[in-house]
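Asker: model the structure of this input:
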Amino acid sequence: MVNPPPPDPDSPKQPHLFAKGNQVEVSSDEEGFRGAWYSATIVESPPKSTSKKRKKPLVQYKTLLAEDGSSPLTEYVDPAFIRPLPPQEKEEDARSGFELNEVVDAGYRDGWWTGVVRKVVEKSKYRVYFDNPPDVIEFDRKDLRLHWDWIDGKWVRPEKQI
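Answerer: Residues are numbered from 1 along each chain as shown. Presented below is the predicted three-dimensional model:
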């Protein structure tokens, strides 16, 4: 008998992604949050029940607060809006700059927002264009990271945006 291949540990369908204590990033489809990724921790794995609502892991955000501002925001999140932490930048990449039209994530308003480098002001300063809402903001290198897309359980770098 042939053994089936082991499950892909990077697959978003694998339950390990939602294991209690895992560090993840969470996105939202809500107005004002769309397109941003927020750091969070899985505080409760979804049980193996048939209820669709119960299939959602409970996350606690690192930077977003509950409405009263007294504690970190905690909520059940659809697994489609959760991904593992993106790959860490290599030290040499972190020291080097970004190029014109490169897709980046900018640390802004408590999350990571996807934008495109539209101007290299100097080696450590960049003007980044955002689609939603349309805006151009200047960032220091330390507030930017390479953008990665999580597609079918794999990290993929997007093409430059001309």
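Asker: where along the protein do the helices fall?
Answerer: Defined through DSSP state H, the helices belonging to the chain, from first to last, are 91-95.
Asker: now tell me which helix or strand of the chain has the poorest mean pLDDT.
Answerer: None of the helices or strands of the chain scores lower by mean pLDDT, DSSP states H and E than helix 91-95, at a mean of 65.
Asker: which residues are contacting stretch 55-67?
Answerer: Counting by C-beta atoms under 8 Å, 6 or more residues apart in numbering, stretch 55-67 makes contact with 18, 24, 26, 38-46, 49, 71-79, 82, 110-111, all of which sit outside it. Quick note: C-beta positions are derived from backbone N, CA and C, even for glycine.
Asker: report the buried residues of that stretch.
Answerer: Neighbour counts over stretch 55-67 (16 or more other C-beta atoms under 10 Å) mark 56, 57, 58, 59, 61, 64 as buried.
Asker: and the fourth one, what are its bridge partners?
Answerer: According to DSSP bridges, residue 42, residue 75 are recorded as the beta-bridge partners of residue 59.
Asker: ends of stretch 146-161, what's the gap?
Answerer: End-to-end distance for stretch 146-161, by C-alpha to C-alpha, to the nearest Å: 13 Å.
Asker: now residue 145: closest residue in space that isn't a chain neighbour?
Answerer: In space, not counting the residues next to it along the chain, residue 145 is nearest to residue 105; the distance is 5.0 Å by C-beta to C-beta, 6 or more residues apart in numbering.
Asker: and the one you found, what does it touch?
Answerer: For residue 105, the set of contacting residues under the criterion of C-beta under 8 Å, 6+ apart consists of 37, 86, 112, 113, 114, 115, 144, 145, 146, 147.
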